[in-house]
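Trainee: what's the 3D shape of this:
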Amino acid sequence: MAEHNETDPTTHDDTATTTSSETAATQRPRRVWRKSLPKWSLWLSLAVLAWFALAAFGPKFGIIPWQTGLGFMIREAGVILLLVASIFAIVALAFAFFKTPRGPWWKAAIGLAIPAILFMGLATIRSQAESVPPIHDVSTDLRDPPEFSPRTMTLRGEMGANPINDYGTPLGELRMWADSDDAALKAKNHADLIAENYDNLDPIVIGNRTDEEAFDAIVAAMGAIGLTDVRRVSGMNSVEGVAETFAFGFKDDVVARVQDGQIDLRSVSRVGVSDLGYNADRLEDLREAIIDRLGA
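Mentor: Next up is the predicted model:
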């Protein structure tokens, strides 16, 4: 008598279902990371943004030295971090559009936008540095620039600030520019560079105003453009103040001298070789503020 060897269909279905579930469970972990890529790229870019924020504002609040923030964190490691974040965001954005399961593409887009904006900022700063002379001392009087008070000079000396250079000495003979590869630059002095690049920085003629009125206008103008520690120097015909940059907290010393019926201005950075043109811009703002108050 023939025996029947039949397979229970219920058992077959259960086996197939189990196999299918196991396959799906195996594939799911392999694919779910794609959906998380945009989120990870956004977090990475935010971390890079925080890195740059610490580099720019850490020195201002005394958390890190400015050399660490500007030199290592931005110029060295910063560029590498921006490249890594950009590449990661591009990959995340590609997977979000062309692979399944698709992640939130907008997170990857923001993750790409952050390093792109930071790159543009660095490029702008570099372009600005190349458009101005690499000096950090600017004055309206190129033959006899205003001098700083002994108090300011002592402070600069105690903190190891940039030396106050003679305007007639070629840059190649000064320590900060001695190693430059630009022979044409080294042959020029401060007076040459200021005259060539900042020809709108002229002394202020006080006209029929008294010296006291000029001093009052200078003090008010310095305060108006945001200078701190503004004071009239005892025993000197000058007013001094201190400027501080928004990022890094770099401080520049500013002096205005009243002499021979005119006002001359000078602004000198305490650190750094190039000021990116900030000292000249500051003197321009101060000059206009003084003129407004004198009614000249």
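
Trainee: next SSE downstream of the host helix or strand of L83?
Mentor: Using DSSP states H and E, L83 sits within helix 77-98. Using DSSP H and E, the helix or strand that follows helix 77-98 in sequence is helix 105-131.

Trainee: what's the following helix or strand after that following helix?
Mentor: strand 137-139.

Trainee: so what strands line up beside that following strand?
Mentor: strand 262-269 (antiparallel) (DSSP bridges).

Trainee: just the CA coordinates for whichever helix or strand comes after the strand it pairs with, please, in PDB.
Mentor: Per DSSP H and E, the first helix or strand lying C-terminal to strand 262-269 is helix 278-294. Coordinates of each C-alpha in helix 278-294 appear next as PDB, following Å, rounded to 0.1, in the frame of the first residue of the first chain:
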ATOM      1  CA  TYR A 278      41.000  97.800  10.000                       C
ATOM      2  CA  ASN A 279      43.200 100.600  11.400                       C
ATOM      3  CA  ALA A 280      42.700 102.700   8.200                       C
ATOM      4  CA  ASP A 281      39.000 102.100   8.300                       C
ATOM      5  CA  ARG A 282      38.900 103.100  12.000                       C
ATOM      6  CA  LEU A 283      40.800 106.400  11.400                       C
ATOM      7  CA  GLU A 284      38.400 107.100   8.500                       C
ATOM      8  CA  ASP A 285      35.400 106.600  10.900                       C
ATOM      9  CA  LEU A 286      37.100 108.600  13.600                       C
ATOM     10  CA  ARG A 287      38.000 111.400  11.200                       C
ATOM     11  CA  GLU A 288      34.400 111.700  10.000                       C
ATOM     12  CA  ALA A 289      33.000 111.600  13.600                       C
ATOM     13  CA  ILE A 290      35.400 114.500  14.700                       C
ATOM     14  CA  ILE A 291      34.500 116.600  11.600                       C
ATOM     15  CA  ASP A 292      30.800 116.200  12.400                       C
ATOM     16  CA  ARG A 293      31.300 117.400  15.900                       C
ATOM     17  CA  LEU A 294      33.500 120.300  14.900                       C
END
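
Trainee: please name every helix or strand in contact with helix 278-294.
Mentor: Applying 3 or more C-beta pairs under 8 Å, 6 or more residues apart in numbering; DSSP states H and E, one finds that helix 278-294 makes contact with strand 137-139, strand 204-205, helix 211-224, strand 251-259, strand 262-269. All C-beta spots, glycine's among them, are computed from the backbone N, C-alpha and C.

Trainee: tell me how many other residues surround D182.
Mentor: Using other C-beta atoms under 10 Å, D182 is surrounded by 12 other residues.

Trainee: please apply the same query to E130.
Mentor: 10.

Trainee: report pLDDT for it.
Mentor: pLDDT for E130: 93.

Trainee: relative to Y198, how far out is it?
Mentor: 16 Å (C-beta to C-beta, to the nearest Å).

Trainee: ok, residues contacting the helix holding L83?
Mentor: 34, 37-38, 40-42, 44-45, 48, 51-52, 55, 102-105, 107-109, 111-112, 114-116, 118-119, 122 (C-beta atoms under 8 Å, 6 or more residues apart in numbering).

Trainee: what about L81, neighbour count?
Mentor: Neighbours of L81 using other C-beta under 10 Å come to 21.

Trainee: equivalent analysis for A47, please.
Mentor: Burial of A47 is recorded as 12 neighbouring residues (other C-beta under 10 Å).

Trainee: how about R75?
Mentor: 12.

Trainee: redo the helices and strands packed on helix 278-294 as CSV? Include distance to I64, mean neighbour count and mean pLDDT.
Mentor: As requested, those are exported to CSV (distance: least, C-beta to C-beta, whole Å; neighbours: other C-beta atoms under 10 Å; pLDDT from 0 to 100):
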stretch, distance to I64, mean neighbour count, mean pLDDT
strand 137-139, 26, 26, 98
strand 204-205, 40, 18, 96
helix 211-224, 30, 18, 97
strand 251-259, 16, 24, 97
strand 262-269, 19, 24, 98
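
Trainee: so which of the ones you listed gets nearest F148?
Mentor: Of all those, strand 251-259 sits nearest to F148, with 5.5 Å by C-beta to C-beta.
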